[in-house]
Structures are given as C-alpha cells and as structure tokens.
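Chemist: structure for the following, please:
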Amino acid sequence: MPNTHTIEKTQIAINTSIAEPPMYKVIYVNDDVTSFDFVITSLIEIFDYDVDGAADIAERVHDVGQCVVAILPYELAEQKTIEVLTLARLHGYPLVVKVDLHT
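Modeler: As a prediction, this is how the structure comes out:
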C-alpha cells in the first residue's frame with residue numbers, strides 16, 4: 001500500500017477595511033428648573049460652542065423642548081453626557097441629556 005498523505009491548505013481572507021464608527025446624538029431636554037445660563041455655560045465648557053452658538057441652542061431647547069447639541073462616536077457622546085450631568089447635579093439642576101443613535 002503506497003504511503004499517501006493529503007495536505008490541506010486553508011486560505012484566510014483578511015478584511016483590512018475599517019468601518020466608520022456609528023455616530024450618536026447628544027440631546028438636551030428642556031425642563032422648568034435648569035437655568036438658561038447653565039445650559040449656555042455647559043454648551044461652552046463641555047461642547048466648545050461659542051457664546052452665540054450656545055445661546056441659539058439653548059433657545060431651541062427651550063422653544064422646541066429638546067435639541068441635538070452634538071453628533072459624536074458613542075464613547076465620546078457618553079463621556080460628554082456624563083460630564084454635563086455631573087455638572088448639572090453639582091449645581092442642583094435636573095437637566096436630562098439623552099444619547100441616541102444617529103440615523
């Protein structure tokens with residue numbers, strides 16, 4: 001009986017493309033307690049808005065009831081949300097900030 005060996009070679013396809021991470025919306029929700037000035041200050045300090053841009057967003061939050069303040073990768077959206085909520089609670093404000101998938 002002849003000595004036969006079968007050698008199998010497995011080829012692995014390597015995918016080198018990198019997909020963009022999904023983006024998430026950071027949304028401020030209006031309430032009757034959080035001050036207009038605090039919303040403006042948080043937008044300037046946490047999201048790097050200028051005074052006029054922060055005031056425009058704060059007005060939209062007040063008029064519409066909520067407003068997207070940033071669109072970021074999840075980890076950054078979550079971190080900024082935690083920073084804003086920590087600052088709000090430190091000042092006694094019940095500000096609600098949501099993170100939602102940007103579609």
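
Chemist: how near is the residue nearest the centre of the chain to K98?
Modeler: The C-alpha lying nearest the average C-alpha coordinate of the chain belongs to A77 (Cα atoms, centre = their mean; 2.1 Å). Computed with Cβ to Cβ, to the nearest Å, the distance linking A77 and K98 is 10 Å. C-betas here are computed from N, CA, C, even on glycine.

Chemist: what touches both of these two?
Modeler: Both A77 and K98 are in contact with 25-26, where contact means Cβ atoms under 8 Å, 6 or more residues apart in numbering.

Chemist: this protein: strands as residue ranges?
Modeler: 23-29, 66-73, 96-101 (DSSP state E).

Chemist: now the longest helix belonging to the chain: average pLDDT?
Modeler: In the chain, assigned by DSSP state H, the helix with the most residues is helix 74-90. Throughout helix 74-90, pLDDT has a mean value of 98.

Chemist: what is it packed up against?
Modeler: Contacts defined by 3 or more Cβ pairs under 8 Å, 6 or more residues apart in numbering; DSSP states H and E place helix 74-90 against strand 23-29, helix 36-47, strand 66-73, strand 96-101.
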